[in-house]
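A.B. asks: I need the structure of the sequence given here:
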Amino acid sequence: MTLDLINGNLGYLSHRIAQAHPQSTAVIDYYGSERRTWTYGALETEFNKAANALLSLGCKRGDKIAIGIGNRTEFITAMFGAMRAGLTPVPMNIKLGVEQLRYILEDAGCVSAVFDPASGPGLLSAMRSSALRSVLSLATDAGFDSYFEAVARAPSALEPIALEPNNIAIMPYTSGSTGRPKGVPLTHRSAQWYLDVMPGLLGEEFINDASVLVAVHLFHKNAMMGGVKLMFLLGGRLVILPSFEPRQFLSVLAQEKCNTTTGVPAMYALLLQQRDLLADVDLTHFKKAFVGSAPTTPSLLHDIEEALSCQVHQGYGLTEGGPVVFTQPDDTSPWGVERAPIESCGVPLPGGEVRLDGGENEGELWVKNPGMIDGYHNLPEVNTERFVNGWLRTGDIFYRDENGFYYFRGRTDDMFHCGGENVYPLEVETILRTHPAVADVAVAPIDHIVKGQVPAAAVVLIKNADATAADIRAHYLNHGPAYAHPRHIRFIEAMPLTSVGKVDRNRVKQLLQTT
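C.D. replies: Okay, the predicted model is just below:
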C-alpha cells in the first residue's frame, strides 16, 4: 500500500478513504458525557473547515500553530486542518507546567494556537503570557475567540496548497525528562516511509477490520503513529478515551470490539490488576497489543499475552528516529521464523538500517532510515553530538542474538557501576517482576559508601498479595547475580509516572534515596 497524498500533504492522509467510503466510521470519541462518532466524510469536511478557519487568522504557509488539546476529536481536526493549510502544527504536552509550555511556544516560534483550557492546568497562563498573534479556544469563557465558531463559519471547500517534500508537516517536542524539550521537525515526506511499510507487516486479517482503542495522550507518538495515522491509512476505526482508567478501558475495549490497542508498559501493568473484570469482559475480538515508549520486562509481556489472549508486539522507536525502528517478522518473512521472541524488539523495518556501536553484537544503537529528522530545532550543538554522518545515536544499549533479533538492555545514562560491575536497571527489574506478588517494579541506584552505588527497588504488589522485602530480595538472589541484588526495597501504592505515562525514574530515585 503506497500513499497517494494530495501534493504530498500528510493532512490528506484520510482523503482516499473519505472519497471511497464516506459513511464509514472514522472516530468514536468518549470525551465528555456523550459518545460522539465521526464518519470519514464528516472528518473530510471538518479538516477543510479547520484549515480555512486558521487561514482566516492571517496564518500563512509554514507558520507554526500550537495545538494544546487533550484526547478529543478536536485535537485531530485542528492538527490535520493545519497541515492541509500548509501550516505546521506543534502538538503540546498538555501536562507540562507554564514555563515549559511557554518555552515551547517561543522556541518553536508559534504565531497562533488552538487550545482547550480544561486540558491542562498551565495552558491558559501560557497562552495569555506568550506573544501569539491569534488564539482560538475551545472554551467560551477564556477570553479568546471561539474555535468552534471560527470553524462553523469557515467554508468547507479548500484548494490544496502546493508543498515541497521537505516542508515540515508537524513539530512535536520531546518530553524533556533529561532537560528542556527538544523540537522534532518531521517533514511530510519522512512520515510517509513508516506508513508505506507498516501495512505489509500487519497481516490481512488486521488490515481488513482495523480498530484501535487509544487512551494514551494523542500528542505522543505512541498514539499518533500507532493509532491516528495508522487507522486513517487503513480506513479503520479510532476509539478515543479522554484519559486512561483501567476499568473503563477494558469495558470500552469490549464494547467497541477493538482488535488492537497501543500503550506504555505502566498502562498494561495497571490493566493486569483488574483480574475480576478481565474474567468477565468478552475480548475474543482482540488480536494485538502494541507495547512501547518505555522499557519493559519479558514477564510483563507474557502476562499481557496470557491475560488478554492476544499477540503482543514490543515496539521501539524515537520521535526523531523514524519513529519506529524495529518490527516483528511474520512467517512469510525472510527470517524464516514465525516471530521473534516476545522479549525482542524484532528486526529492522524494511528500508531502515541499524548498527551497534562498541561491539559486534552489543553496543549503543545507531539508526538510519528515511523517516529520521536531520536535526533538532534550534539545537546545533546537540545535533553535532547526536547526528553523525547520517546516523542518529539513540543513547540506548542493545544486543543482537544469533538469529539477528534485537533486544533492549537499557539507556547508556541508566547503567551504573556497583563495585566495578555494570548494572542495567531493566535487567534487575526483569527478574524482580517474576516474583508472583509483584505487579510493577522500578530499579534505580542509591549511594553506597563502599560500592559507590547499589541497586534499590520500588515495588508495587499485586492487590491483596503478601510479600516482604526479604522475600523479594531472596527471589532475586535465587535468579540473578548477587552483585546486582537490590540492597533496599520500598513498597509503594502506585508507580510514579511522567506526563506521557512512562515511569518517572527521577521520582523513583528520589523515593529510594530516602529509604
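A.B. asks: Which residues does Val212 form beta bridges with?
C.D. replies: On the basis of DSSP bridges, Val212 is bridged to Leu238, Thr260.
A.B. asks: What distance do you get for it to Ile65?
C.D. replies: 26 Å (Cβ to Cβ, to the nearest Å). The way it works is simple: take the backbone N, C-alpha and C, and place the C-beta from them, glycine included.
A.B. asks: Show me which of the two is the more surrounded one.
C.D. replies: Ile65 (28 against 24; other Cβ atoms under 10 Å).
A.B. asks: Strand partners (parallel or antiparallel) of the strand or helix carrying that one?
C.D. replies: Using DSSP states H and E, Ile65 falls within strand 64-68. According to DSSP bridges, strand 64-68 has the following sheet partners: strand 88-91 (parallel), strand 110-115 (parallel).
A.B. asks: And the ones you listed: which comes nearest Pro380?
C.D. replies: strand 88-91 (20.0 Å; Cβ to Cβ).
A.B. asks: SS state for the spatially most central residue of the chain?
C.D. replies: Nearest to the mean C-alpha position of the chain, by Cα atoms, centre = their mean, lies Asn222 at 2.3 Å. Here Asn222 is helix, with the state taken from DSSP: H, G, I helix; E, B strand; the rest coil.
A.B. asks: if I pick it, what's in contact with it?
C.D. replies: Contacts for Asn222 (Cβ atoms under 8 Å, 6 or more residues apart in numbering) come out as 216, 262-264, 292-293, 500.
A.B. asks: what do you get for Leu163?
C.D. replies: 7-9, 61, 86, 188.
A.B. asks: Please apply the same query to Tyr173.
C.D. replies: 90, 92-93, 104, 108, 181-184.
A.B. asks: rerun that using 7 Å as the cut-off
C.D. replies: For Tyr173, the contacting residues are 93, 104, 181-184, by Cβ atoms under 7 Å, 6 or more residues apart in numbering.
A.B. asks: Specify the beta-bridge partners of it.
C.D. replies: Gly183.
A.B. asks: what's in contact with stretch 266-274?
C.D. replies: Contacts for stretch 266-274 (Cβ under 7 Å, 6+ apart): 216, 244, 246-247, 249-250, 291, 300, 303-304, 307, 439-440, 462-463, 495, 497, 501-503.
A.B. asks: Mind giving me the PyMOL select for those, buried ones only?
C.D. replies: Applying 16 or more other Cβ atoms under 10 Å to those, the buried members can be selected in PyMOL as follows:
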select buried, resi 216+244+246+249+250+291+300+303+304+307+439+440+462+495+497+501+502+503
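A.B. asks: What about the contacts of stretch 266-274, which are in strands?
C.D. replies: Secondary structure assignment by DSSP state E places 291, 439-440 of the contacts of stretch 266-274 in strands.
A.B. asks: just to revisit the earlier point, so which one of the contacts of Tyr173 is the model least confident about?
C.D. replies: Among the contacts of Tyr173, Pro181 carries the lowest pLDDT, at 88.
A.B. asks: roughly how far apart are the nearest residue to that residue once chain neighbours are set aside and Val367?
C.D. replies: Using Cβ to Cβ, 6 or more residues apart in numbering and skipping the chain neighbours, the partner closest in space to Pro181 is Tyr173 (3.9 Å). Tyr173 sits 20 Å away from Val367, going by Cβ to Cβ.
A.B. asks: Also Ala26?
C.D. replies: 32 Å.
A.B. asks: Go ahead and confirm Val325 touches Gly351.
C.D. replies: No. Using Cβ atoms under 7 Å, Val325 is not in contact with Gly351, being 11.3 Å away.
A.B. asks: With neighbour numbers in mind, choose between the two.
C.D. replies: Val325 (30 against 12).
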